[in-house]
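Undergrad: Got a predicted model here, sequence first, then my questions.
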Amino acid sequence: MTATIIDGKAHALALRTRVAAQVATFRAATGRAPGLAVVLVGEDPASAVYVRNKGKATRDAGMESFEHRLPADTTSDVLLALVARLNADPAVDGILVQLPLPAHIDAQAVLLAIDPDKDVDGFHPVNAGRLAIGAEGFVPCTPLGCLMLLQDVHPHLAGLEAVVVGRSNIVGKPMAQLLLQQSCTVTIVHSRTRDVFGHTRQADIVVAAVGIPQFIRGDWIKPGATVIDVGINRTDAGLVGDVDFAAAAQVAGAITPVPGGVGPMTIACLIRNTYVSACRRDGVEARL
Ligand SMILES: Nc1nc(=O)c2c([nH]1)NC[C@@H]1CN(c3ccc(C(=O)N[C@@H](CCC(=O)O)C(=O)O)cc3)C=[N+]21
Ligand SMILES: [Mg+2]
């Protein structure tokens, strides 16, 4: 068996195109463009590339991009003051502070300072809580993008066995919440799980978000299962995911590649969340 390759790039382009069309309607109705502020502290080259791609995607969708690049030695106070200004700025609908932040900055304190109603990353504890209770808020972009890809393969997710590998606040935990909301039977496995592949072998859906290159082997996958690979690992062999793609693709029913899978969906969902934020803030219905 050879898996269907899930084309994240094509899905992302389709979503960005739909959002751009709605943004045009929003601009005509309200006389303003949705705005996304992206804050980058320091000069990490990978982060700089992400921030540049986010700015381009924002402008391509007809939205305004406000980019703030601060030196690596920026103090917490200076960063918190910028966040306060962005919270108060009516032209800003979404605020994203690029992670990781330099070690001398308390990242939790910065995330807590962002207005939850502009938190298009969905990282604020208020949005984590909203997701947990099923209230309207912002869902983190990577798990939201994974869910959209999964829904394309499985129009009915209810009752499926889903295993999330990894328990981070930005991917694993919100991914599990989303799958639970879709009535999957959800298991989270992690570094202290005794029998990781005993779990993955039973799963209809495996979402890999551990940050270990090719951690998930082909024989850990149930024949026909859907595999979503969130990993972005830079190795000597190039960019690889958390799944041994070549082996897993022989067993799975559908699988996301790296690159070209989840990554592009993350950016498309950021654009989507920013449009939705602008609609909520202006009291108009978001249509997607
Ligand atoms: N506040 C915050 N929010 C984030 O959403 C956030 C962040 N900080 N810090 C870094 C991570 C990482 N991230 C990615 C986004 C897009 C791709 C992406 O588009 N990847 C492409 C290309 C990969 C490449 O060539 O580097 C792909 O997978 O095909 C990857 C990773 C967002 N992050
Ligand atoms: Mg873990």
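TA: Now that the structure is in, tell me what you want to look at. Ligands and ions are numbered 1, 2, ... in the order given.
Undergrad: Where does the closest residue to ligand 1 within the chain sit, in terms of helix or strand?
TA: In the chain, the residue that lies nearest ligand 1 is Gly263 (2.2 Å; C-beta to the nearest ligand atom). Bear in mind the C-beta positions are built from the backbone N, C-alpha and C, glycine included. Taking DSSP states H and E as the definition, Gly263 sits inside helix 262-282.
Undergrad: Would you indicate which residues of that helix are buried?
TA: In terms of neighbour count (16 or more other C-beta atoms under 10 Å), helix 262-282 has its buried residues at 262-279, 281.
Undergrad: CA atoms only for that helix - export them in PDB, please.
TA: Extracted as PDB, the C-alpha positions of helix 262-282 are listed here (Å, rounded to 0.1, in the frame of the first residue of the first chain):
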ATOM      1  CA  VAL A 262       1.500  21.200   8.100                       C
ATOM      2  CA  GLY A 263       3.900  24.200   7.800                       C
ATOM      3  CA  PRO A 264       2.000  26.100   5.100                       C
ATOM      4  CA  MET A 265      -1.300  25.500   6.900                       C
ATOM      5  CA  THR A 266       0.100  27.200  10.000                       C
ATOM      6  CA  ILE A 267       0.600  30.400   8.100                       C
ATOM      7  CA  ALA A 268      -2.800  30.100   6.300                       C
ATOM      8  CA  CYS A 269      -4.500  29.700   9.700                       C
ATOM      9  CA  LEU A 270      -2.800  32.700  11.000                       C
ATOM     10  CA  ILE A 271      -4.200  34.700   8.100                       C
ATOM     11  CA  ARG A 272      -7.600  33.200   8.800                       C
ATOM     12  CA  ASN A 273      -7.500  34.000  12.500                       C
ATOM     13  CA  THR A 274      -6.500  37.600  11.800                       C
ATOM     14  CA  TYR A 275      -9.500  38.000   9.400                       C
ATOM     15  CA  VAL A 276     -11.800  36.400  12.000                       C
ATOM     16  CA  SER A 277     -10.400  38.800  14.700                       C
ATOM     17  CA  ALA A 278     -11.100  41.800  12.500                       C
ATOM     18  CA  CYS A 279     -14.700  40.600  11.900                       C
ATOM     19  CA  ARG A 280     -15.300  40.100  15.600                       C
ATOM     20  CA  ARG A 281     -13.800  43.400  16.600                       C
ATOM     21  CA  ASP A 282     -16.000  45.200  14.000                       C
END
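Undergrad: elements contacting that helix?
TA: Other elements packing on helix 262-282 under the criterion 3 or more C-beta pairs under 8 Å, 6 or more residues apart in numbering; DSSP states H and E are helix 8-30, strand 35-41, helix 45-60, strand 94-97, helix 141-153.
Undergrad: what's in contact with the second one?
TA: For strand 35-41, contacts defined as C-beta atoms under 8 Å, 6 or more residues apart in numbering pick out 47-48, 51, 54-55, 58, 63-72, 74, 79, 82-83, 86, 89, 91-98, 101-102, 105, 120, 270-271, 274, 278.
Undergrad: let's see it at 7 Å
TA: Applying C-beta atoms under 7 Å, 6 or more residues apart in numbering, the contact partners of strand 35-41 are 47-48, 51, 54-55, 58, 63-70, 72, 74, 79, 82, 86, 91-98, 101-102, 105, 120, 274.
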